[in-house]
Every structure is written in structure tokens, then in C-alpha cells.
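*Asks:* Pasting the sequence and the predicted coordinates here, then a few questions.
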Amino acid sequence: MTSEETSKKKEAEVRPANKRGLARLAAVQALYQMELAGTELEDVIGEFKLFRLGQELDGEVYRDADPAWFADLVMAVFEEQRQIDPRIHAALSEDWPLRRIDSTVRAILRVGAAELMRKKDVPARVIINEYIEIAKAFYEKDETRLVNGIMNRLARELRASEFEN
């Protein structure tokens with residue numbers, strides 16, 4: 001088996017959970033793009049599906065993500081943002097409002113909160129860990145701890161039954 005065939009076989013063996021993890025990361029990137037560049041919802045979803053998820057862009061090959069999971073997370077943030085932002089804001093300290101949080105951290109927290117709200121079939125602890133890992137991809141310590149703390153607070157509020165006992 002050639003190295004190319006081995007690589008294709010490994011890519012075909014990517015578990016759905018891994019594709020979901022990649023979709024989460026892509027959703028964070030899409031929200032970041034929407035906020036900074038003012039890209040519209042349909043445009044960013046279309047761009048990621050056509051040109052990024054599993055595609056080559058500027059010489060870099062993006063791993064294949066679950067496109068439906070990606071789109072659902074981005075849509076969930078868009079549809080639920082009026083409920084998501086106040087929840088995140090309430091979990092922050094009074095002297096540090098949501099608007100002062102770095103835009104990438106804000107995107108991570110928004111997608112994580114949306115997933116906690118919409119994806120009841122995924123355990124809250126799994127969701128928390130996924131977004132901590134995403135934060136680690138961008139940051140070293142302080143921001144990762146912030147994501148951990150806020151995601152834990154949100155999960156205990158939104159999914160209290162999973163934390164009983």
C-alpha cells in the first residue's frame with residue numbers, strides 16, 4: 001500500500017466524533033469571521049462547506065469536518081444569540097463584560113453555549129472538554145482557564161441534571 005493510499009484509508013477511518021470536533025473548530029472560525037469581517041450567515045456557511053471543510057485552501061489541506069454539525073452549530077449561535085450572550089455575560093465577573101473578551105474566546109464560548117443548548121445527546125462534560133481543547137489550539141493558559149470556567153458554569157446552569165450527585 002502506498003503512502004497516499006494509507007493516508008486516504010486513515011482519513012476514511014476518521015470517526016464521526018473527530019469530524020464533529022473539526023466541525024466545532026470550523027464553527028468557531030466561522031463566527032470569528034462573521035464578527036470581524038461582517039460576513040453574512042449563509043455566505044460563511046457556504047464558504048466553509050465549499051472551500052474549507054475537507055478542501056485545500058492556499059496550499060493547506062483542511063481536514064474533513066461534519067458539514068451538517070458545523071452548519072447546525074453556526075445556525076444555533078445565530079438563532080440563539082439573544083439568549084447565549086446574556087448567559088455568558090452573567091457567568092463573567094462584573095468588571096469584565098462580554099464585549100471586553102477577545103473575539104476568538106467569545107466565538108468559542110458562543111459555539112460551546114449553543115451546543116450545550118441544542119445538542120442534548122452529547123454529554124455536557126464532553127462539550128466542555130471539546131471547547132477547552134479548541135481554546136488550547138489558540139491560547140496557552142489564561143484564556144483556556146476562562147473557557148473552562150465559563151463552560152462549566154453554563155453547563156451547570158443549562159444541564160443541571162447531568163451534574164447532580
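*Replies:* Done, it's in.

*Asks:* who touches Leu146 in this structure?
*Replies:* Counting by C-beta atoms under 8 Å, 6 or more residues apart in numbering, Leu146 makes contact with 101, 105, 135. C-beta coordinates here come from the backbone N, C-alpha and C atoms, glycine included.

*Asks:* hang on, it in a helix?
*Replies:* Yes. Assessed by DSSP: H, G, I helix; E, B strand; the rest coil, Leu146 belongs to a helix.

*Asks:* Model confidence at it, what's the number?
*Replies:* Leu146 carries a pLDDT value of 92.

*Asks:* what do you get for Ala65?
*Replies:* 80.

*Asks:* what about it, neighbour count?
*Replies:* Neighbour count for Ala65, taken as other C-beta atoms under 10 Å: 24.

*Asks:* what are the phi and psi angles of it?
*Replies:* Ala65 has phi and psi values of phi -110, psi 160 when expressed as degrees, to the nearest 10.

*Asks:* That one touches Ala26, doesn't it?
*Replies:* Yes. With contact defined as C-beta atoms under 8 Å, Ala65 counts as touching Ala26 (5.1 Å).

*Asks:* Next one: Leu73 relative to Ala114, how far apart?
*Replies:* 6 Å (C-beta to C-beta, to the nearest Å).
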